[in-house]
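Q: starting from these lines, generate the structure:
(2 chains)
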Amino acid sequence: MNSNGPNCLHSPALRDYLLDHAYDEMIGSDGHVRPHYRALMDAMLALSPEELRKRKQSADLSFLTQGITFTVYGREEGTERIFPYDLFPRIITNAEWVNISKGLTQRITALNMFLRDIYHEGKILSDGVVPRELVYSCRHFRRQMRGMQVPRNVYIAVAGTDLLRMNDGEFVVLEDNLRVPSGVSYMLTNRRLMRRSFPQLFLNSGVQPVEQYTQALSSTLRSVSPEGRSEPTIVLLTPGIYNSAYFEHTYLARQMGIELVEGRDLVIHDNIVYMRTTAGLKRVDVIYRRVDDDFIDPLVFRSDSGLGAAGLFNAYRAGNVTLANAFGTGVADDKAIYAYVPAIIRYYLTEDPVLNNVETYLMTDPAMRQHTLQNLDKLVVKAVGESGGYGMLIGPHSTAEEREEFKRRIEAEPRNYIAQPTLSFSRSPCLIGDRIEPRHVDLRPYILFGDKVTIVPGGLTRVALEKGSLVVNSSQGGGSKDTWVLNR
Amino acid sequence: MLSRVADCLYWMSRDLERAEHTLRLLDVNMGLMLDRSSVSVDARWKRTLHALGKPEGVTWEGDLYKLGYALTLDGDIPSSVRSCIVSARENARRVREQISTEQWQRLNRLFLNVTTPRDPRDAENYLSEFIPAVLDGIHLFQGVTDTTMTHGEGWQFIQVGRFIERASATASLIEVYHYDLLGAAARMEEHSEYLELLGLLRSCTAFEAYCKVYTADLNYDRILDFIVLNAEFPHSLRYSIDCLQQGLAAIDRGSGRHPADDLMRLMGRLQSSLGFMQISEMLTQDAGLYLRTIVRQCREIHELIYQRYIHYSVHAALAD
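A: Numbers count the residues shown, from 1 in each chain, chains lettered A, B, ... in the order given. A predicted model of the protein is given here:
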């Protein structure tokens, strides 16, 4: 079988392969396999269905015995699931990647400048580019950060930005995750599994490596350590084993060779942070924290939290310890502020954004709100401060009651919601049973910002594994696959 | 090393040692039940429960498989094999980054095995396979622990957990057997005395090792000598206490603090009492009392370990 010819779509594995207006990552609009997918497609079609099933089973088993799992909320505490994994990699050409990488660098640079600005002079607010009330009314705005000097002015050291590919093949930004983005361990384990499942194919394809991520993360964290601490002790702060991303926390700590601490391991004395060790107390300089602002210090934020360490914020303010990311970065990934990111980029960098936003309606704007309420069945409504697919209304898949409920909520708290058109984003081929079928995918690259910007090529491709579904979140039936950025 | 991590590794190891001990006692006694013996079935299982420290919620009601299920697979019994392995795995998960992938995978497989749903009424059909399979799994875990993990502080805490549990469990086991077997030659029929001695040896995995030293001539004094005082047999009390001492000494040396005087003094006293005793001495005094003292000293050592490495006060640590 040869995928060069138009006939490859007649292979039984591709029977009923759905092609419509949505961009297909593998098949071009002319019905042919795109050149960069050809070698992969030939290799996949050359394998018998049994062989594919066998490799898939061994991959699943390897996830389970390695305990690569995530915790599902809303069920019995500690319910572990493996993250569904698809063996068919998603391919991005080098030219596409260069553009994405440029856009992401521009975006994180501007967002860091934005955070520096709003917690100091607030020029962008005085100039009326971003409405002042939108910033101050954000649930994630931390007035405690006003006037505080942050090492290297790095607020966001680690970001995960969700991209979608639209019908015309262009990548757009769906949202930025600037608080505690997760999923990077799946990017790394997917890659390791892929290398093991298809070694030959991998070798011949010329894929750019991602394995350097943990080293880059480690040097990014080192670069933001407090002044005068030349050999900083870095730790990763986790909420503990019941957190959905606990596997990732252990994975990253192990890969970086740093301690994985919980709040109760930390002791703050005279504004210095220590961890309790068997050899006594040991000073901590940089905390890569995977605990949300709200829970990190019961003295400053939520007093009912048992996950943080009392006194951490004061130690941070005193400049004795660096937290990455800084407190209060959630302002910049608020979904209403998101609508202003293109303006933010133009304001600070005097450049046009490389990556566009998705059209977004602010519910605080009466005309946009009116339009949204009249078209709830066609739009997607999101709560501004939520992530992970929670607190969302997908118009076309909603019931009249749900729409009524959201209408009430929007009218009660317009600041808390935004609306976007229901997006038609790209599909990528997946192995479903012994067939190859297209499913919707997004892309989350991970951006590191310290003394320089580092983006490992690729990222996490999340898949809406259910047929027709547009939801890629792991908490709601999504899976993932390896993402290949080619050398050429 | 983080105090919490040391705590997790220590309990992970203790729980697995305990699971192994429970499985072995079950395995050995289920095997011996098949032979006619002057020790009644009731007495045998009551004694076994006694040796296991009378686990909460488990009683002998005359049904072997019910007891077997309770001790192995019942998740509601806090000291069942299942509970021990679940808790060991939970501890390992908390310190996933500290142990090797091989260790984690072995332990995870054990966890998946013991948490597979099984019908208690059906225990007769699977216990005989389940017990050796889990024992094997635990041995594999211990093997990869020793071969894939750096023998640093974390491994030393694993050693300490393993041998403190082994020493106390073995001391309790011998104590329970002691009163039955002392002078048993006069009371018991010959073959049933043999079976009892065999049972004791097997419960310590000591039968073959004993035979290599003393041949298959089973004699209680020699058995006691072997499982209490032998310096080279890994399940003997002396060997366990020696390993415990070595582990604690290595941790102490590595901590870079002033020496742990209280702890090492208590440890040294226990170690030398076993190292310099002869079995005849032990038999002329109250051996049961002696064995109970060992269990008590292990408990005190545990408390001192916690005071020094895990639950110390911040002010004491800053002054140190």
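Q: contact residues of the stretch 151-300 of chain B facing chain A?
A: Proximity of the stretch 151-300 of chain B to chain A, by CB under 8 Å from any CB of the partner chain, involves residues B:153, B:251, B:254-257. Backbone N, C-alpha and C define where each C-beta goes, glycine included.
Q: show the contacting residues for A:Asn153.
A: Contacts for A:Asn153 (CB atoms under 8 Å, 6 or more residues apart in numbering or on different chains) come out as A:112-113, A:116.
Q: 6 Å - rerun?
A: A:Arg116 (CB atoms under 6 Å, 6 or more residues apart in numbering or on different chains).
Q: stretch B:26-45 - what's its average pLDDT?
A: Averaged across stretch B:26-45, the pLDDT comes to 83.
Q: list the buried residues for that stretch?
A: B:26-30, B:32, B:37, B:39, B:44-45 (16 or more other CB atoms under 10 Å in any protein chain shown).
Q: need the contact list for A:Leu14.
A: A:Leu14 neighbours (CB under 6 Å, 6+ apart): A:Ile436.
Q: ok, 10 Å please
A: By CB atoms under 10 Å, 6 or more residues apart in numbering or on different chains, A:Leu14 lies in contact with A:3, A:8, A:26-27, A:33, A:41, A:44-45, A:429, A:435-438.
Q: same list (the residues of the stretch 151-300 of chain B next to chain A) but as TSV, adding neighbour count.
A: Below are those laid out as TSV (neighbours: other CB atoms under 10 Å in any protein chain shown):
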residue	neighbour count
B:Glu153	22
B:Ile251	25
B:Gly254	14
B:Ser255	18
B:Gly256	8
B:Arg257	14
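Q: residues contacting the nearest residue to A:Arg302 once chain neighbours are set aside?
A: Using CB to CB, 6 or more residues apart in numbering or on different chains and skipping the chain neighbours, the partner closest in space to A:Arg302 is A:Asp294 (4.9 Å). A:Asp294 makes contacts with A:139-140, A:301-302, A:304-305, A:307-308, A:330, as judged by CB under 10 Å, 6+ apart.
Q: between the residues you listed, which is nearest chain B?
A: A:Leu307 (13.8 Å; CB to the nearest CB).
Q: was I right to think that closest one contacts A:Asp265?
A: No. Using CB atoms under 10 Å as the test, A:Leu307 is too far from A:Asp265 to be in contact (11.6 Å).
Q: thinking again about what came up before, can you pick the most crowded of the contacts of A:Leu14?
A: Per-residue neighbour counts (other CB atoms under 10 Å in any protein chain shown) across the contacts of A:Leu14 peak at A:Pro429, which has 28 neighbours.
Q: ok, now how distant is that one from chain B?
A: 31 Å (CB to the nearest CB, to the nearest Å).
Q: that residue bridge partners, please.
A: Taking DSSP bridges as the rule, A:Pro429 bridges to A:Pro438.
Q: what's the closest non-adjacent residue to B:Ser79?
A: Using CB to CB, 6+ apart and skipping residues adjacent in sequence, the residue nearest B:Ser79 is B:Pro55, 4.4 Å away.
Q: please save the CA atoms from the helix or strand where B:Leu110 lies in PDB.
A: Per DSSP states H and E, B:Leu110 falls inside helix B:101-114. Extracted as PDB, the C-alpha positions of helix B:101-114 are listed here (Å, rounded to 0.1, in the frame of the first residue of the first chain):
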ATOM      1  CA  THR B 101      10.900   2.600  38.800                       C
ATOM      2  CA  GLU B 102      11.500  -1.100  39.200                       C
ATOM      3  CA  GLN B 103      10.400  -0.900  42.900                       C
ATOM      4  CA  TRP B 104       7.400   1.100  42.000                       C
ATOM      5  CA  GLN B 105       6.300  -1.300  39.300                       C
ATOM      6  CA  ARG B 106       6.700  -4.400  41.600                       C
ATOM      7  CA  LEU B 107       4.800  -2.800  44.300                       C
ATOM      8  CA  ASN B 108       2.100  -1.500  42.000                       C
ATOM      9  CA  ARG B 109       1.700  -5.100  40.600                       C
ATOM     10  CA  LEU B 110       1.300  -6.400  44.200                       C
ATOM     11  CA  PHE B 111      -1.300  -3.700  44.800                       C
ATOM     12  CA  LEU B 112      -3.200  -4.600  41.600                       C
ATOM     13  CA  ASN B 113      -3.200  -8.300  42.700                       C
ATOM     14  CA  VAL B 114      -4.400  -7.800  46.200                       C
END
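Q: quick one: contacts of stretch A:43-51?
A: Applying CB under 10 Å, 6+ apart, the contact partners of stretch A:43-51 are A:1-3, A:8, A:11-14, A:37, A:52-55, A:87-89, A:198, A:200-201, A:204-205, A:429, A:431, A:433-436.
Q: now do the contacts for B:Tyr179.
A: Neighbours of B:Tyr179 in contact, by CB under 10 Å, 6+ apart: B:47, B:287-288.
Q: dump the buried residues of stretch B:26-45 to TSV, plus secondary structure.
A: Listed next are the buried residues of stretch B:26-45 as TSV, based on DSSP: H, G, I helix; E, B strand; the rest coil:
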residue	secondary structure
B:Leu26	helix
B:Asp27	helix
B:Val28	helix
B:Asn29	helix
B:Met30	helix
B:Leu32	helix
B:Ser37	coil
B:Val39	coil
B:Arg44	helix
B:Trp45	helix
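Q: what is the least confident helix or strand in the chain?
A: Chain wasn't specified; assuming chain A. Ranked by mean pLDDT, DSSP states H and E, the weakest helix or strand in chain A is strand A:69-71, scoring a mean of 62.
Q: not what I meant, chain B
A: Averaged element by element with mean pLDDT, DSSP H and E, chain B has its least confident helix or strand at helix B:184-187 (a mean of 65).
Q: show the subsequent helix or strand relative to that one.
A: Under the assignment DSSP H and E, the closest C-terminal helix or strand after helix B:184-187 is helix B:190-203.
Q: in that next one, what counts as buried?
A: Residues B:192-193, B:195-203 are the ones in helix B:190-203 that count as buried (16+ other CB under 10 Å).
Q: which secondary structure elements does the helix or strand where A:Phe88 lies sit against?
A: A:Phe88 belongs to strand A:85-92 when assigned by DSSP H and E. Strand A:85-92 sits against helix A:38-46, helix A:49-65, helix A:184-197, helix A:199-205, strand A:427-432, strand A:435-440, strand A:461-464, strand A:478-485, with contacts defined as 3 or more CB pairs under 10 Å, 6 or more residues apart in numbering or on different chains; DSSP states H and E.
Q: residue closest to the middle of chain A?
A: A:Gly160 (3.7 Å; CA atoms, centre = their mean).
Q: so when I look at that one, I'm seeing a strand, right?
A: Yes. Assessed by three-state DSSP, A:Gly160 belongs to a strand.
Q: which one is it nearest to, not counting chain neighbours?
A: Nearest to A:Gly160 is A:Pro181, by CB to CB, 6+ apart, at 3.1 Å.
Q: what do you get for B:Glu153?
A: Distances taken as CB to CB, 6+ apart place B:Met1 nearest to B:Glu153, at 4.9 Å, with adjacent residues excluded.
Q: that neighbour and B:Ile158: what is the separation?
A: Distance of B:Met1 to B:Ile158, given as CB to CB, to the nearest Å: 12 Å.
Q: which neighbours do these two share?
A: Joint contacts of B:Met1 and B:Ile158 (CB under 10 Å, 6+ apart) are B:Leu9.
Q: who has more neighbours, those two?
A: Higher neighbour count among B:Met1 and B:Ile158: B:Ile158, with 26 against 22, using other CB under 10 Å.
Q: next, the angle helix B:190-203 makes with the helix or strand where the more buried one lies.
A: In the assignment (DSSP H and E), B:Ile158 maps to helix B:153-181. With axes from the mean of the first three to the mean of the last three CA atoms, to 10 degrees applied, the angle from helix B:153-181 to helix B:190-203 works out at 170 degrees.
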